[in-house]
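Peer 1: Provided below for reference: sequence and predicted model.
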Amino acid sequence: MSLEILDREPPAPGSALEIAPGVLWVRMPLPLALDHVNLWILRDEERKRYALLDTGMDTGPTRDAWSTLIAGPLAGEQAVAVIVSHLHPDHIGLAHWLCDRLEVPLRMTLAEYLGACLIQGRSPPADAATLGRFYAKHGASERELASFEGRARFYVRAVPHLPTSLRRIEAGGLLQLGPVWQVGTGAGHSPEHAFFHCPETSVLISGDLLLPSISSNISVFTLEPEGDPLGDFLAALARFRNLSDETLILPSHGRPFRGARARVGELLSHHEERLARLLTALSGSFATASDMVPVLFERNLSDHELVFAFGEALAHLHRLWQAGFLERREDPARIAFGCRRMGPDEIRRSAHLAVGTAAGVVTDQA
Ligand SMILES: [Zn+2]
């Protein structure tokens, strides 16, 4: 089966649309190039209880839209939790305000919560000195350095406060709100990103782990400067291949869709193509991550996009490095990646293996 994107108009801000049994779809605006985020309300109609799943950024329009929803379609029902899939501002930004206002606990995975605390508090790894050293060593230009320094400030603006405690959710756990939801987690996009699967109704709330039309950002950040988030992400993605074709996927960006297996296949090919591009550029030479940004991203990037592009270039370099297809040379001032000269067939095969071994879908294909 190929990818089938649902032909439903997204709900306007402040309104909610029933998209699956016990799931309402809410969409909030974002002041970014990616201009919206999808949020979900899990609803137990019999017992008149609900939980919010993700919150949007802390902005005036998002607060207003939530107020309209709470006073409108949700009036007379009891809120029981604010569930957050992962630490990015469009998902957690308003958790503090909603938890206070609804008097409910925050529910999220521990690594995501602790990660949010570190960035929000501008503690290592989000302090300016750590960020500056990390990016400079990867060859960052003046413009790149200036834009990256603003990152911690951006997070604090979009997530001005965090709830001070949480009720942890973790892989293998169950949530009962209407139907029973199984919690799973995947790394790569963020440390312990939660997703929610309801086998009874064949629905998967995928967060940013499986998106229909854009690929999730996968970046190396300062917390794990030698990490392989792309390897982690490919392993997480591969698990969605086992979902039935009927499973309705509710993603954080874009429209709901069916055809998980087809979409996973497209994404694996996408990353394979990116890896091949890097190997082609580096064949017989060495260069920094900064040098590789224009190889992967040919268009002009805004300051906001630059940090993701840089992180993404590093993540692809690290996958090739961890898979043994690139060498990493570090001296006190610079880190560079490179390899001996390779022909097009060898490049294609290497990229294929670097994706396949991480995803666990290929062990050997000559
Ligand atoms: Zn995200």
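Peer 2: Arrived safely.

Peer 1: what does the stretch 151-300 of the chain have sitting close to the ion?
Peer 2: residue 208 (CB under 5 Å from the ion). (Glycine included, C-beta is placed from N, CA and C.)

Peer 1: if you set the cut-off to 6 Å instead, what comes out?
Peer 2: Neighbours of the ion within the stretch 151-300 of the chain, by CB under 6 Å from the ion: 189, 190, 208.

Peer 1: how much space is there between residue 143 and residue 300?
Peer 2: Distance, residue 143 to residue 300, using CB to CB, to the nearest Å: 11 Å.

Peer 1: And those two? Which one has more around it.
Peer 2: Under the neighbour definition other CB atoms under 10 Å, residue 143 and residue 300 were set side by side, and residue 143 has more, 11 against 8.

Peer 1: mind listing the strands for the stretch 251-366 of the chain?
Peer 2: 257-258, 286-287, 327-330, 335-338 (DSSP state E, counting those that start in this stretch).

Peer 1: I'd like the ones you listed as a markdown table, with mean neighbour count and mean pLDDT appended.
Peer 2: Converted to a markdown table, the strands of the stretch 251-366 of the chain look like this (neighbours: other CB atoms under 10 Å; pLDDT from 0 to 100):
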| stretch | mean neighbour count | mean pLDDT |
| --- | --- | --- |
| strand 257-258 | 22 | 98 |
| strand 286-287 | 16 | 98 |
| strand 327-330 | 12 | 98 |
| strand 335-338 | 20 | 98 |
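
Peer 1: Format those as TSV; extra columns: distance to residue 57.
Peer 2: Listed next are those as TSV, based on distance: least, CB to CB, whole Å:
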stretch	distance to residue 57
strand 257-258	24
strand 286-287	36
strand 327-330	36
strand 335-338	33
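
Peer 1: quick one: which of the residues of the stretch 151-300 of the chain next to the ion is nearest residue 20?
Peer 2: Lowest distance from residue 20 to those (CB to CB) belongs to residue 208, with 18.9 Å.

Peer 1: Just confirm that closest one contacts residue 188, I think it does.
Peer 2: No - counting by CB atoms under 8 Å, residue 208 sits too far from residue 188 to count as a contact (9.9 Å).

Peer 1: Please enumerate the shared neighbours of those two.
Peer 2: Common neighbours of residue 208 and residue 188 (criterion: CB atoms under 8 Å, 6 or more residues apart in numbering): residue 216.

Peer 1: how long is stretch 129-149 from one end to the other?
Peer 2: End-to-end distance for stretch 129-149: 9 Å, by CA to CA, to the nearest Å.

Peer 1: which residues touch it?
Peer 2: Against stretch 129-149 from outside (CB under 8 Å, 6+ apart): 124-125, 128, 151-152, 222, 225, 287-291, 293, 303-304, 306-307, 310, 314, 330, 333-336.

Peer 1: what's near enough to touch the residue of the stretch 151-300 of the chain found nearest the ion?
Peer 2: Closest contact between the stretch 151-300 of the chain and the ion, by CB to the ion, is at residue 208 (3.8 Å). Contacts for residue 208 (CB under 8 Å, 6+ apart) come out as 85, 86, 88, 91, 189, 190, 193, 216, 217, 251, 252, 253.

Peer 1: go with 10 Å
Peer 2: 37, 54, 85-86, 88, 90-91, 186, 188-190, 193, 195, 214, 216-217, 251-253 (CB atoms under 10 Å, 6 or more residues apart in numbering).

Peer 1: Tell me the gap between the lengthiest helix in the chain and the middle of its chain.
Peer 2: Looking across the chain with DSSP state H, the single longest helix is helix 260-282. Averaging C-alpha positions (CA atoms, centre = their mean, to the nearest Å) puts helix 260-282 17 Å from its chain's average.

Peer 1: shared neighbours of residue 143 and residue 300, anything?
Peer 2: In contact with both residue 143 and residue 300: residue 306, using CB under 10 Å, 6+ apart.

Peer 1: where in the stretch 151-300 of the chain is pLDDT low?
Peer 2: Applying pLDDT under 70 to the stretch 151-300 of the chain flags residues 152.

Peer 1: Following the chain onward from the longest strand belonging to the chain, which element is next?
Peer 2: Assignment by DSSP state E gives strand 36-44 as the longest strand of the chain. With elements assigned by DSSP states H and E, the helix or strand that comes after strand 36-44 is strand 49-53.
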